[in-house]
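Enquirer: coordinates only, sequence not included:
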């Protein structure tokens with residue numbers, strides 16, 4: 001009998017809930033942001049037809065940090081209104097601002113896209129809420145290894161550029177820690193930067209003598225001299241047009257014609273699919289706290305044929321052309 005019950009639970013998890021359910025997704029950012037658009041697509045493709053997905057955009061890529069608390073309050077008000085069966089928290093700001101508000105609620109929470117160590121927050125805010133999720137880590141070691149081999153460099157000299165937002169700062173710390181332990185093994189010499197303004201970003205791109213490549217990390221919170229967020233597409237296009245050396249990326253949304261040339265990248269869609277699978281298991285009867293927190297599935301190596309041709313690069317076997 002016990003084995004039959006397990007079969008039923010796992011079957012239900014694969015097809016979604018057996019009744020109508022409400023899931024509330026609280027996004028750190030906004031639906032037009034490429035990462036959010038991608039993971040929402042994965043989430044929607046995985047949830048059952050009887051699940052209604054409600055969304056709230058905290059919009060922390062564009063709003064000033066002084067507004068984050070009020071956005072979190074609005075998100076919590078929506079949570080109270082919807083009374084969902086499961087809450088999904090997309091990226092670090094949603095987890096950091098919403099877990100303190102949700103910790104004493106009788107609710108299952110699934111996070112995704114988390115670069116920080118969630119264990120600290122989960123230990124600090126360990127109330128009634130049951131929490132699990134999917135971690136996101138830039139694929140630094142694999143990227144450096146494959147790009148170095150492609151370029152035929154015994155020692156790859158690379159500049160890695162990020163904005164100064166929450167996720168970017170956390171990702172920078174993660175890469176810095178990896179770099180210190182892997183630099184001799186990988187044969188790399190890396191400079192890792194965080195920039196707040198477009199002027200500083202431009203100056204760094206132009207000051208790239210001696211580097212082999214630039215890795216463009218996150219660039220969505222680069223501000224102009226008036227403190228306004230510059231259109232991310234403009235930042236990436238300018239970087240593509242003015243860089244004297246090839247550009248590579250850590251995320252799929254940065255790769256393409258007029259953008260970066262390629263990379264071993266993370267896909268938001270795969271994070272959404274994995275989070276959706278967890279939601280289905282919870283709706284089928286499991287508790288979030290009984291499901292292990294996992295690292296997202298390994299990324300894929302992709303490239304732009306147009307950009308590779310521009311730089312005279314030959315794609316390694318296994319890299320997929322997205323043009």
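Expert: In hand now; what should we look at? For clarity, every value in this text was computed on a predicted model and none was experimentally measured. Numbers count the residues shown, from 1 in each chain.
Enquirer: C-alpha from now on. contacts and neighbour counts both.
Expert: Fine.
Enquirer: what is the end-to-end distance of stretch 109-118?
Expert: In stretch 109-118, first residue to last residue: 12 Å (C-alpha to C-alpha, to the nearest Å).
Enquirer: contact partners of that stretch?
Expert: 86-92, 95, 129-137, 167, 170-171, 268, 271-272, 275, 278-279, 288 (C-alpha atoms under 8 Å, 6 or more residues apart in numbering).
Enquirer: mind listing what's buried along that stretch?
Expert: Residues of stretch 109-118 classed as buried: 109, 110, 111, 112, 113, 114, 115, 116, 118 (neighbour count, 16 or more other C-alpha atoms under 10 Å).
Enquirer: just stretch 79-95 next, same as before
Expert: Here stretch 79-95 shows 79, 84-95 as buried, counting by 16+ other C-alpha under 10 Å.
Enquirer: what's the answer for stretch 183-194, then?
Expert: Applying 16+ other C-alpha under 10 Å to stretch 183-194 flags 183, 186, 187, 188, 190, 192, 193, 194 as buried.
Enquirer: quick one: average pLDDT of that stretch?
Expert: Mean pLDDT, stretch 183-194: 90.
Enquirer: ok, stretch 145-162 next?
Expert: 93.
Enquirer: spatially central residue for this protein, please.
Expert: residue 113 (4.4 Å; C-alpha atoms, centre = their mean).
Enquirer: pull the contacting residues for residue 246.
Expert: Here residue 246 is in contact with 212, 213, 214, 260, 261, 311 (C-alpha under 8 Å, 6+ apart).
Enquirer: circling back to that earlier point, which of the buried residues of stretch 79-95 lies closest to residue 60?
Expert: residue 93 (7.6 Å; C-alpha to C-alpha).
Enquirer: list the buried ones in the helix or strand harbouring residue 73?
Expert: For residue 73, the host element (DSSP states H and E) is helix 68-82. Of all the residues in helix 68-82, those buried under the rule 16+ other C-alpha under 10 Å are 68, 71, 72, 75, 76, 78, 79.
Enquirer: tell me the SS of residue 84?
Expert: Of the three states, residue 84 takes coil under DSSP: H, G, I helix; E, B strand; the rest coil.
Enquirer: next one, pLDDT for it please.
Expert: For residue 84, pLDDT reads 98.
Enquirer: give me the nearest residue to it, chain neighbours excluded.
Expert: residue 22 (4.8 Å; C-alpha to C-alpha, 6 or more residues apart in numbering).
Enquirer: so what's that neighbour bridging to?
Expert: residue 52 (DSSP bridges).
Enquirer: and it, how many residues sit next to it?
Expert: 17 (other C-alpha atoms under 10 Å).
Enquirer: again, but for residue 320
Expert: Neighbour tally, residue 320, other C-alpha under 10 Å: 15.
Enquirer: swap in residue 215?
Expert: Neighbours around residue 215, by other C-alpha under 10 Å: 23.
Enquirer: off-centre distance for the helix or strand it falls within?
Expert: If you go by DSSP H and E, residue 215 is part of strand 213-216. Chain-centre distance of strand 213-216: 18 Å, with C-alpha atoms, centre = their mean, to the nearest Å.
Enquirer: what mean pLDDT does the following helix or strand past it get?
Expert: Remark: after strand 213-216, the chain's next helix or strand is helix 232-242, criterion DSSP H and E. Average pLDDT, helix 232-242: 97.
Enquirer: ok, and for helix 232-242, which residues are buried?
Expert: Here helix 232-242 shows 232, 235, 236, 239, 240 as buried, counting by 16+ other C-alpha under 10 Å.
Enquirer: show me what whichever helix or strand comes after that helix is in contact with.
Expert: Downstream of helix 232-242, the next assigned helix or strand under DSSP H and E is strand 247-249. Here strand 247-249 makes contact (C-alpha under 8 Å, 6+ apart) with 213-217, 240, 255, 259-265.
Enquirer: give me the sheet partners of strand 247-249 and which way each runs.
Expert: For strand 247-249, pairing defined by DSSP bridges yields strand 213-216 (parallel).
Enquirer: and for the partner strand, what are the contacting residues?
Expert: Taking C-alpha under 8 Å, 6+ apart as the rule, strand 213-216 contacts 157-162, 245-250, 254, 260.
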